[in-house]
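Trainee: Provided below for reference: sequence and predicted model.
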Amino acid sequence: MAQRSDHRFRELDLSPGQRPVYSRALLLPGPLPPLSHFGITLLRHAVGTGLRYALYHLGMPMPEAPPVKIVRLRLYLDARELRCLLTPVPGGSDVVAALLEPGDTGERPAEARALVAALSFHRVRLLPFRVPPDRPARLRGDEPPAALWRHFRHRLSRVLGRTNDALLSDLVSALDRRALRARGEEVPPALSKGAWTLRTRGRGDLRRFGLPDLLAPSWAEEPDLARAARHALERHPLPAHDRYRGRFREAWRAGLSQLAPIYRALARAAAERGHLAEPDDAFFLPLDTAEDLTAAHKPSWIESAVHSNRAEYDSLRKAAEPLDLMTERQEMGPAGGEGERPEWAWSPLLPLP
């Protein structure tokens, strides 16, 4: 494997004149397995919240609904929605391009005065990277399901306070890196500062690494995953790092470490009350239905929903991954078969466009 994600190059296989309709190149590019249904809808909520926050702080209009789409249980930004929202305003085209194609070259540095001023302010404000703190949930063991769900929602709102700034950091970095390329500078894919430190020094906050899914463990929970990833990449050249790049996926993974114990406690309680056949079934319910696990009686739809969602998840783990950037034709095409691959476990240490 060359020292880059093959998705970074596969995404450029578009015919001339074609524009991407869906993109995950900014936040979660490269090798990525399908996420659980709870994980992907929770991520959609976080990205939607973060996008509104970031656009507001850059003086851009905010979307009424998250401009995202779930494709084969991966989350993509919806290019059509973003272009419709942002291109009419000064600097909006630059922001759209950075959101969709952070590894490309901008036509020019952002010229809108308000956007330039906002970028200057936030580069300084965001210099420190603050992930959600390591504060384990204090669960008594006898909390009723409704209390657990309230606890989860409260903790989620606190996590989003950090991931919102992290998403803005990634967007600021993408705008800056595209502008540097527009001036003729070479700006190759880069590691996050945390990934660079882990690869070079073998230490770091392992809560920040792992798959972006509540179902999956962080590397702090399974340190062998970090050692295996570092070992697999040892023989490859080490890319440079970017101070602001990759913050969202690391902040989100650290936040999931706070949320997982609470949601697992709710899942166990639901299984004990007969709502679920087993606790892990809770991860195959979308976020907007998970509160039904607190109901006094088992919802009639829950068994069939879990069964069909588990089947979809298992099937997509054996299918080809969708590209980082896709046209509508590619999104609608057959998934094909490819199966699981080891790069899924290395993605937190791979460079970002």
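Mentor: That came through, no problem.

Trainee: can you give me the helices for the protein?
Mentor: Remark: helices assigned in the chain by DSSP state H are 6-10, 37-57, 79-86, 92-100, 113-125, 145-182, 193-201, 223-233, 247-272, 302-317, 328-332, 343-346.

Trainee: Which residues does the fourth one contact?
Mentor: Read it as helix 92-100. The set of residues external to helix 92-100 that reach it, using CB atoms under 8 Å, 6 or more residues apart in numbering, is 20, 23, 25-26, 55, 58, 60-61, 77, 79, 82-83, 85-87, 104, 106, 110, 112, 115, 171, 174-175, 178, 325. Bear in mind the C-beta positions are built from the backbone N, C-alpha and C, glycine included.

Trainee: Apply the buried test to those residues and list what passes.
Mentor: Among the contacts of helix 92-100, those classed as buried by 16 or more other CB atoms under 10 Å are 20, 23, 25-26, 55, 58, 60, 77, 79, 82-83, 85-86, 104, 106, 110, 112, 115, 171, 174-175, 178, 325.

Trainee: residues in contact with His275?
Mentor: Contacts were defined as CB under 8 Å, 6+ apart; by that measure His275 touches 293, 295, 298-299, 302.

Trainee: a markdown table for those, including distance to Glu321 and neighbour count?
Mentor: Formatted as a markdown table, the entries for these read as follows, by distance: CB to CB, whole Å; neighbours: other CB atoms under 10 Å:
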| residue | distance to Glu321 | neighbour count |
| --- | --- | --- |
| Leu293 | 31 | 25 |
| Ala295 | 36 | 14 |
| Lys298 | 35 | 15 |
| Pro299 | 33 | 13 |
| Ile302 | 29 | 21 |
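
Trainee: ok, so of those, who is nearest Arg138?
Mentor: Distances from Arg138 to these, taken as CB to CB, are shortest for Leu293 (20.7 Å).

Trainee: Roughly how far does that closest one sit from Pro67?
Mentor: Using CB to CB, to the nearest Å, Leu293 is found at 29 Å from Pro67.

Trainee: Please report the number of neighbouring residues for the nearest residue to Arg181 once chain neighbours are set aside.
Mentor: Excluding the flanking residues, the one nearest Arg181 by CB to CB, 6 or more residues apart in numbering is Thr105, at 3.9 Å. Residues within reach of Thr105, counting by other CB atoms under 10 Å, total 16.

Trainee: And Thr105, what's its pLDDT?
Mentor: In the prediction, the pLDDT value recorded for Thr105 is 89.

Trainee: Could you do Ala137 as well?
Mentor: pLDDT recorded at Ala137 is 76.

Trainee: so who does it touch?
Mentor: Applying CB under 8 Å, 6+ apart, the residues near Ala137 are 151, 155, 258, 261-262, 265.

Trainee: Let me know the closest of the residues you listed to Phe209.
Mentor: Nearest to Phe209, judged by CB to CB, of the contacts of Ala137 is Gln258 at 15.1 Å.

Trainee: Could you verify my assumption that Pro239 touches Ser192?
Mentor: No: in terms of CB atoms under 8 Å, Pro239 does not count as a neighbour of Ser192; the distance is 10.4 Å.

Trainee: low pLDDT regions in this protein?
Mentor: Regions of the chain meeting the criterion pLDDT under 70 cover residues 1-18, 107-111, 330-337.

Trainee: any idea how far Leu82 is from Tyr22?
Mentor: Relative to Leu82, Tyr22 is positioned 11 Å away (CB to CB).

Trainee: Done for today, thanks.
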